[in-house]
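> Let's see this in three dimensions:
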Amino acid sequence: MAQPGSTPAAGGFTLAADWSPHERCWMAWPCREALWAGRMAEARAAFADLAKVIAAHEPVTMIAREAHVVDASIMCGAGVEVVPLAIDDSWIRDTGPAFLTGPAKRFAGPAGVAGVDWGFNGWGGKYTPYDNDAAIAEKMLARLGIPRYATPVVLEGGAYSCDGEGTLIVTEQCALNENRNPGLTRDGMTQTLKDYLGVHDVIWLAGGLEHDETEGHVDNVARFAAPGVVLAVSPGKPGDDSFDVLTENLARLASARDAQGRRPEVYELPRPAPRLIDGRALVQSYANFYVANGAVIVPSFEDSNDDKARDIIAHAFPKRRVEQIPAVDISFGGGGIHCATLEQPALEAGD
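Residues are numbered from 1 along each chain as shown. The predicted structure follows:
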């Protein structure tokens, strides 16, 4: 579908906040055997359970390879739509489009919804093949009849968090990584984010968690919970992994101002204890939650901080039901609940 402007910002579009009303949630069925290293059955069970929990609050569409449609349909149940599309991996947050909203009366997409199709290179070439995942955003937007803005800039959806009022949080470690966009400067990326996500200000954090193959996705370290409110991962104590970078992140948030001139109020999230499974260090973060219509889906890690993290997130989302579900088997694949999901804004943006 034709674009209604040279860039989303020029067309009046902006990235919706996670808590805006949703038309549906998109997911992708686990399929990369090497990624799950003999734990594919556990991964699929965990993704099916997550889909069922979200489906109680909003429609869920699960993308699956054609050969997996029947199994995915049986495991997810009648409440989850399963559609056959070619994919390479299960992290739709990173491979799907960034859905934007704009004035419904001015644009051809459903109620003024558009999508940004970022370049995708398998998280800096770590996983191949990735050609199907690089094409999935275009296929999704074509299926939905939503205008597509293509950009050669490589970026993943887990790399940014938006407050819905013109402010974005990203990390330098990821967005400026040479394995995505060699030679792209911070000023250049800032302008790209403004042009393609319709934001006015970018808060640059230092980086992400140790062992995170995404090299600093912000959805593992800092997320907006409301305009002016950020949930950020605590550094822990000196000597803990990622202590220095998380301390720097908090310092930058403390000195930042958002697009409305506010200093963000920061709630610190605890960290689960380090965990190894089959020699693999898991990246576990309570910041990797999903905001559904009327609910927040929060991870648990069989950890003593599970209840504390749930209470903090509940405090940040006082009008939403908080549901906590096991996420260790999802984390084994290198992602989390937020990584495995992608919200599509409601047809009537702003309802």
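> how close does R310 sit to A340?
The gap separating R310 from A340 is 19 Å, by Cβ to Cβ, to the nearest Å. All C-beta spots, glycine's among them, are computed from the backbone N, C-alpha and C.
> out of those two, which sits in the busier spot?
Using other Cβ atoms under 10 Å as the criterion, R310 and A340 rank with A340 on top: 28 against 19.
> burial count for the closest residue to W118 other than its chain neighbours?
Nearest non-adjacent residue to W118, counting by Cβ to Cβ, 6 or more residues apart in numbering: L155, 4.5 Å away. Residues lying near L155 (other Cβ under 10 Å) number 24.
> what do you get for P97?
26.
> Quick one: residues contacting the nearest residue to it once chain neighbours are set aside.
Nearest non-adjacent residue to P97, counting by Cβ to Cβ, 6+ apart: G115, 3.4 Å away. Neighbouring residues of G115 by Cβ atoms under 8 Å, 6 or more residues apart in numbering: 97-100, 137, 140-141, 144, 146-149.
> at 10 Å instead, please
G115 makes contact with 1, 8, 13, 96-100, 109, 137-138, 140-142, 144, 146-150, 344 under the criterion Cβ atoms under 10 Å, 6 or more residues apart in numbering.
> and what of F47?
Contacts for F47 (Cβ under 10 Å, 6+ apart) come out as 27-30, 62, 72, 75-76, 90, 329-330, 333, 340-341.
> go on, A309?
For A309, counting by Cβ under 10 Å, 6+ apart, the contacting residues are 231, 233, 269-272, 285-287, 289, 298-301, 303, 324.
> Would you mind checking which of those is nearest to N220?
Nearest to N220 out of the contacts of A309 is S285 (Cβ to Cβ; 4.2 Å).
> isn't that closest one right up against N305?
No: counting by Cβ atoms under 10 Å, N305 is not a contact partner of S285; they are 11.1 Å apart.
> Need the overlap of contacts for those two.
What both S285 and N305 touch, as defined by Cβ under 10 Å, 6+ apart, is the set 269, 271-272.
> ok, of those residues, which come out buried?
269, 271-272 (16 or more other Cβ atoms under 10 Å).
> Now stretch 23-42 - C-alpha only, PDB.
Output in PDB follows, covering the C-alpha atoms of stretch 23-42 (Å, rounded to 0.1, in the frame of the first residue of the first chain):
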ATOM      1  CA  GLU A  23      -6.400  -4.700  18.000                       C
ATOM      2  CA  ARG A  24      -4.500  -7.900  18.600                       C
ATOM      3  CA  CYS A  25      -1.200  -9.500  19.700                       C
ATOM      4  CA  TRP A  26       1.100 -11.200  17.200                       C
ATOM      5  CA  MET A  27       3.400 -14.100  18.100                       C
ATOM      6  CA  ALA A  28       5.600 -16.500  16.100                       C
ATOM      7  CA  TRP A  29       5.900 -20.300  16.700                       C
ATOM      8  CA  PRO A  30       9.400 -21.500  17.800                       C
ATOM      9  CA  CYS A  31      11.100 -23.200  14.900                       C
ATOM     10  CA  ARG A  32      14.900 -22.700  14.900                       C
ATOM     11  CA  GLU A  33      16.200 -26.000  16.200                       C
ATOM     12  CA  ALA A  34      19.700 -24.800  16.900                       C
ATOM     13  CA  LEU A  35      18.400 -21.900  19.000                       C
ATOM     14  CA  TRP A  36      16.400 -24.200  21.400                       C
ATOM     15  CA  ALA A  37      19.100 -26.800  21.600                       C
ATOM     16  CA  GLY A  38      17.000 -29.900  22.400                       C
ATOM     17  CA  ARG A  39      14.400 -27.900  24.300                       C
ATOM     18  CA  MET A  40      12.000 -27.200  21.500                       C
ATOM     19  CA  ALA A  41       9.100 -29.000  23.200                       C
ATOM     20  CA  GLU A  42       9.500 -26.800  26.300                       C
END
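> No further queries at this time; thank you.
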